[in-house]
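Novice: Sequence and predicted model, in that order:
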Amino acid sequence: MFARTKHRTVHFDKPFWISGLSEMVTAGDYVVDEEEELIEGLSWSAYRRVATFITLPATTENKYRMRLVPIDPEELEGLIAFDQRDAAASSNL
């Protein structure tokens, strides 16, 4: 089975929560990796997403090294949309 990874960077203006984490994630730029696998048996190339990860940096607060944390793609898109709406509302004040 052929697989590929798509990388992108997302920006958050405000801190946010990710389901399953006990700490709040600080605002900033984050790398998101989407793992996809080839759907075989089609007459064209098509891929399906099988996993999404966000890279969290090491911090002195949590005493961790850099972490690759799984995240639900819908939760991620919801966080991005909320951050953008919140930023737009703040700029209109």
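Specialist: Cool, the structure landed. Source: prediction; values computed, not measured.
Novice: Other residues contacting stretch 75-83?
Specialist: 10-14, 16, 18-19, 32, 52, 54 (C-beta atoms under 8 Å, 6 or more residues apart in numbering). Placement of C-beta: from N, CA and C, glycine included.
Novice: Please convert the buried members of these into PyMOL selection syntax.
Specialist: Here is the PyMOL selection string for the buried members of those, based on 16 or more other C-beta atoms under 10 Å:
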select buried, resi 12+16+18+32+52+54
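Novice: Distance to Trp44, secondary structure and pLDDT added to the contacts of stretch 75-83, as CSV?
Specialist: Output for these, formatted as CSV (distance: C-beta to C-beta, whole Å; DSSP: H, G, I helix; E, B strand; the rest coil; pLDDT from 0 to 100):
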residue, distance to Trp44, secondary structure, pLDDT
Val10, 29, strand, 96
His11, 33, strand, 95
Phe12, 36, strand, 95
Asp13, 39, coil, 93
Lys14, 41, coil, 92
Phe16, 37, strand, 95
Ile18, 35, coil, 94
Ser19, 35, coil, 93
Val32, 26, strand, 97
Thr52, 24, strand, 97
Ile54, 30, strand, 97
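Novice: So which of the contacts of stretch 75-83 is the closest to Arg4?
Specialist: Closest approach to Arg4 among the contacts of stretch 75-83 (C-beta to C-beta): Thr52, at 13.5 Å.
Novice: Which strand residues bridge the closest one?
Specialist: Glu34 (DSSP bridges).
Novice: Asp13 is in contact with Asp86, correct?
Specialist: Yes: Asp86 lies in contact with Asp13 (C-beta atoms under 8 Å); the separation is 7.2 Å.
Novice: could you pull out the strands for this protein?
Specialist: Taking DSSP state E, the strands of the chain run over residues 3-12, 28-38, 47-56, 67-70.
Novice: Including distance to Leu76, could those strands go into CSV?
Specialist: Converted to CSV, the strands of the chain look like this (distance: least, C-beta to C-beta, whole Å):
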stretch, distance to Leu76
strand 3-12, 8
strand 28-38, 7
strand 47-56, 6
strand 67-70, 10
